[in-house]
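> Return a 3D structure for these sequence lines:
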Amino acid sequence: PPGRMVDQPWGDICDGAEKRKMLLETCAMLGISPKQTIAMGDGANDLPMMGEAGLSVAYHAKPSVREQAMVAINSGGLDRLLEVVR
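Numbers count the residues shown, from 1 in each chain. Sure, this is the predicted structure:
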């Protein structure tokens, strides 16, 4: 149903450079700074994108990603992000 999150990926898995590029392009399109964004990831391919964001969140991530993120969410669902941004 619409509005429901799914636990399976869709589309291709992008490399780190592509994720960073998409974040920067989206920010340019919206007229905002990357420092106004939140980037969440779990693997090394997310680190370039997370490095550009104002808030980087490791979500059920590998140890190397948790070490480099500003915040780590290791349990629970995506709604745990609300605890971080409040």
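> following the lengthiest helix in the chain, which helix or strand shows up next?
Counting residues, the longest helix found in the chain (DSSP state H) is helix 16-30. Reading on from helix 16-30 to the C-terminus, the next helix or strand found by DSSP states H and E is strand 38-41.
> what about dumping the CA coordinates of the helix or strand following that next one to CSV?
Downstream of strand 38-41, the next assigned helix or strand under DSSP H and E is helix 47-52. Coordinates of each C-alpha in helix 47-52 appear next as CSV, following Å, rounded to 0.1, in the frame of the first residue of the first chain:
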residue,chain,number,x,y,z
LEU,A,47,30.6,7.5,3.6
PRO,A,48,31.3,10.0,0.8
MET,A,49,27.6,11.1,0.9
MET,A,50,27.6,11.1,4.7
GLY,A,51,30.8,13.3,4.7
GLU,A,52,28.9,16.1,2.8
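> In terms of secondary structure, what does helix 47-52 contact?
Contact partners of helix 47-52 among helices and strands, from 3 or more C-beta pairs under 8 Å, 6 or more residues apart in numbering; DSSP states H and E: helix 16-30, strand 38-41, strand 55-59, helix 63-68. C-betas here are computed from N, CA, C, even on glycine.
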